[in-house]
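>>> no letters, just coordinates:
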């Protein structure tokens, strides 16, 4: 965080409201609004639809700030509203036949994120706001890396020293209270520095969000590092702080009081499922239980299949996988790493992916689960992913249906070089079909030539009666034509 950003945070007494979705039926939408204020500040009133005053629940008081949540409902309407203090916010709570959903990911970058002019950093957020004004979104899905918290390694002298120490010293070092306070404060401050930016806060106050984290919400590569590193007291302590911040700022809850949408009531996995009329959104947690040898872990594999298999009849499933389920053939790259000096430092980036050779059995298991739910339970499934900083799409041809994967990444991360996109495209051309006779294939966006598009982007999903289509907005290029899904 820059000194200017830190000064802005210290001068600001109130952040929010940040709106979260909690599900809906045909009449009402359940919502939660998070507000962060100076611990001695008087909290303004929140009124639902101009009538009911909603009493807030205090989630935590940390580092001079209190975290408050307002739980309320709004009736189905294209112009429902709530007020907070003197401000009124319209919310499109009509999730009927004509439905529009936004999907974003990778809201930041590893270096210099907060040093960029906001007009440049948040150009696509501003565009998303203009789209919302023209045709409102009922939901905003965040597919991972809502913040880039890699600067956590510089938040305290003891963390800096630990990061530079040798393996034996790292393994012997405890996670002190001073470290914990510095790390947790860094995460919370970073969320507020991001969410408080006007182009982002405008959308977060007006469109209910559903979020699932990925590695940069913790630090780069969490779960894919060496087992000895993952097991150190400091690494585990940093993860615990990131989890606490995630619960407050992405789930809108206290870490030990998870909302009903979270499937594992013990919180070992933070995977969630939320039902709406005609559509169910499910987000596996691919970070909490991740190890170099496993992506979802015991609790994820217990809960996610059950969630998929009990979706209401007729509902389309939007399955958010923070890393793409359909991807290029990475085993060739992993084999080459061992032949190149110093290239092993990229190993954790490759292990992050379902397509890593270390995860091949689990990848097949996940594809088989998706196929079973699509065919045996007769659900239409759409896969949504981010993470890779480019836009692309793919298909999974099961024995009964075509399952579409849509990748949108990132909304503010700087686009990679075109050569990077071409190299990924070559790996995609080589192909990788892990299940016999059920090919997975990556494809260009509608009316685009390359498999991957190296431009910042976001995705919209629209339902017209029972028909669904997708469109990408590509920075400097414009909108893709409708893709029927």
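Arrived safely, thanks for sending. These numbers were taken from a predicted model, which means no experiment stands behind them. Residues are numbered from 1 along each chain as shown.

>>> what's the neighbour count on the spatially closest residue to residue 351 that is not a sequence neighbour?
Leaving aside its chain neighbours, residue 351 sits nearest to residue 224 (3.9 Å; criterion: Cβ to Cβ, 6 or more residues apart in numbering). Every residue, glycine included, has its C-beta placed from N, CA and C. For residue 224, the neighbour count with other Cβ atoms under 10 Å is 24.

>>> surely residue 224 is in contact with residue 290?
Yes: between residue 224 and residue 290 there is a contact under Cβ atoms under 8 Å: 6.9 Å.

>>> residues contacting the nearest residue to residue 429 once chain neighbours are set aside?
Excluding its sequence neighbours, the residue lying closest to residue 429 (Cβ to Cβ, 6+ apart) is residue 451, at 7.4 Å. Counting by Cβ atoms under 8 Å, 6 or more residues apart in numbering, residue 451 touches 392, 421, 424-425, 428-429, 442-444.

>>> want to throw those residues into TSV with distance to residue 108?
Below are the contacts of residue 451 laid out as TSV (distance: Cβ to Cβ, whole Å):
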residue	distance to residue 108
392	20
421	20
424	21
425	25
428	26
429	31
442	25
443	28
444	27
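
>>> so which bits of stretch 230-241 are buried?
Residues of stretch 230-241 classed as buried: 230, 232-235, 237-239, 241 (neighbour count, 16 or more other Cβ atoms under 10 Å).

>>> identify the farthest-apart pair in the contacts of residue 451.
421 and 443 (13.9 Å; Cβ to Cβ).

>>> name the spans of this protein whose pLDDT lies under the cut-off.
1-8, 10-11, 331-348 (pLDDT under 70).

>>> okay, now the domains of it?
1-97+136-257, 258-485 (automatic domain parsing).

>>> let's have those domains in JSON lines, adding distance to residue 119.
Compiled in JSON lines, these are given as follows (distance: least, Cβ to Cβ, whole Å):
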{"stretch": "domain 1-97+136-257", "distance to residue 119": "8"}
{"stretch": "domain 258-485", "distance to residue 119": "12"}
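
>>> for residue 308, helix, strand, or coil?
helix (DSSP: H, G, I helix; E, B strand; the rest coil).

>>> who are the contact partners of it?
Contacts of residue 308 by Cβ under 8 Å, 6+ apart are 282, 317, 319, 369-370, 373, 377.

>>> make it 7 Å
282, 317, 369, 373 (Cβ atoms under 7 Å, 6 or more residues apart in numbering).

>>> same check on residue 393?
404-407, 443, 445.

>>> at 8 Å instead, please
404-407, 442-445, 470, 483.

>>> same question for residue 412.
106-109, 113, 121-122, 124-125, 456.

>>> ok, now with 7 Å
107-108, 121-122, 124, 456.

>>> now those residues in JSON lines, please, with extra columns for neighbour count, secondary structure and distance to residue 383.
Shown next, in JSON lines, are those (neighbours: other Cβ atoms under 10 Å; DSSP: H, G, I helix; E, B strand; the rest coil; distance: Cβ to Cβ, whole Å):
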{"residue": "107", "neighbour count": "29", "secondary structure": "coil", "distance to residue 383": "20"}
{"residue": "108", "neighbour count": "23", "secondary structure": "coil", "distance to residue 383": "23"}
{"residue": "121", "neighbour count": "24", "secondary structure": "helix", "distance to residue 383": "28"}
{"residue": "122", "neighbour count": "23", "secondary structure": "coil", "distance to residue 383": "27"}
{"residue": "124", "neighbour count": "21", "secondary structure": "helix", "distance to residue 383": "22"}
{"residue": "456", "neighbour count": "25", "secondary structure": "coil", "distance to residue 383": "21"}
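
>>> quick one: the helices in this protein?
Taking DSSP state H as the test, the helices found in the chain are 3-11, 118-121, 123-134, 157-164, 167-172, 177-195, 198-206, 227-230, 233-246, 297-309, 331-337, 347-351, 360-376, 418-430.

>>> identify the residues contacting the last one?
What that stands for is helix 418-430. 328-329, 332, 390, 442, 450-454.

>>> buried among the residues you listed? Make that a PyMOL selection.
The PyMOL command for the buried members of the contacts of helix 418-430 (criterion: 16+ other Cβ under 10 Å) is given here:
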select buried, resi 328+329+390+442+450+451+452+453+454
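
>>> pull the most distant pair out of the contacts of helix 418-430.
Largest separation among the contacts of helix 418-430 by Cβ to Cβ: 332 and 453, giving 22.6 Å.

>>> more neighbours: residue 421 and residue 443, which one.
Counted by other Cβ under 10 Å, residue 421 and residue 443 do not tie: residue 421 has more neighbours, with 21 against 16.

>>> tell me which stretches of the stretch 351-485 of the chain form strands.
Using DSSP state E, counting those that start in this stretch, the strands of the stretch 351-485 of the chain run over residues 381-385, 392-397, 402-407, 440-443, 457-464, 467-474, 478-479, 483-484.
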